[in-house]
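Structure of the sequence below:
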Amino acid sequence: MASVLVMSAGPCFAAGPTITTEADLQFGRFLAASALPVRVTVSTNGGRTTDNGVLLAGESPQPAQFAVSGVSNAIFQASISLGFSGPSGVNLESLTATCGAGSTFTSGVLSGCQFSPAGTATIHVGGTLVVDAGRSSTSVSAFNAITVQVSN
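From the prediction side, this is the model:
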């Protein structure tokens, strides 16, 4: 796991914002029992859905989770990218992300985030895999790199 932290121009901080990776995005085990490519999606709340005859097995899926701390009540945005390392025939199609009610994720930027009065926030990242027909996997996880920019 690796996290990258970048602070933009904005308010002065005694100590810059921090980010801690609490969980990697886990798609779990599955078998693509179809003559067509299939999709496996893990939502930001941990639910897992599939299409075209994917058989799910074992291992609980989970979204990536990041704890971010900064200035009390400050508004921030997060630029999110995902480096994916999966087996041959398994490709990352898209990402989803949330940092609470009202947040939006477009083109890799999560906006509408706000630190709590205690100066904390949590970011969840989900995604969708496209799996070649008939491909099985023992386990698929994703390596996450997240950049947080804080502004008021």
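
For the spatially most central residue of the chain, which non-adjacent residue is spatially closest?
Closest to where the C-alpha atoms of the chain average out (Cα atoms, centre = their mean) is Val125, at 2.1 Å. Among residues not flanking Val125 along the chain, Ala64 sits closest, at 4.1 Å (Cβ to Cβ, 6 or more residues apart in numbering). Every residue, glycine included, has its C-beta placed from N, CA and C.

and what of Phe105?
Closest to Phe105 by Cβ to Cβ, 6+ apart is Ala97, at 4.2 Å.

Equivalent analysis for Leu56, please.
With Cβ to Cβ, 6+ apart, the residue lying closest to Leu56 is Phe30, at 5.3 Å.

follow-up on the earlier one: can you tell me how far the residue nearest to the centre of the chain is from Ala35?
31 Å (Cβ to Cβ, to the nearest Å).

which residues does the residue nearest to Phe105 contact?
Contacts for Ala97 were tallied using Cβ atoms under 8 Å, 6 or more residues apart in numbering; they are Thr44, Ala78, Ile80, Ser103, Phe105, Leu110, Ile123, His124, Val125, Gly126.

Quick check: Glu22 touching Val68?
No - contact criterion Cβ atoms under 8 Å: Glu22 and Val68 do not qualify, at 10.4 Å.

Looking at these two, which is more packed in?
Val68 (23 against 13; other Cβ atoms under 10 Å).

secondary structure element for that one?
Take DSSP states H and E as the rule and Val68 turns out to sit in strand 64-69.

in its sheet, what does the helix or strand following that strand sit against?
Scanning forward in sequence from strand 64-69 by DSSP H and E, the next helix or strand is strand 75-84. Strand 75-84 has its sheet partners listed here by DSSP bridges as strand 109-114 (antiparallel), strand 136-150 (antiparallel).
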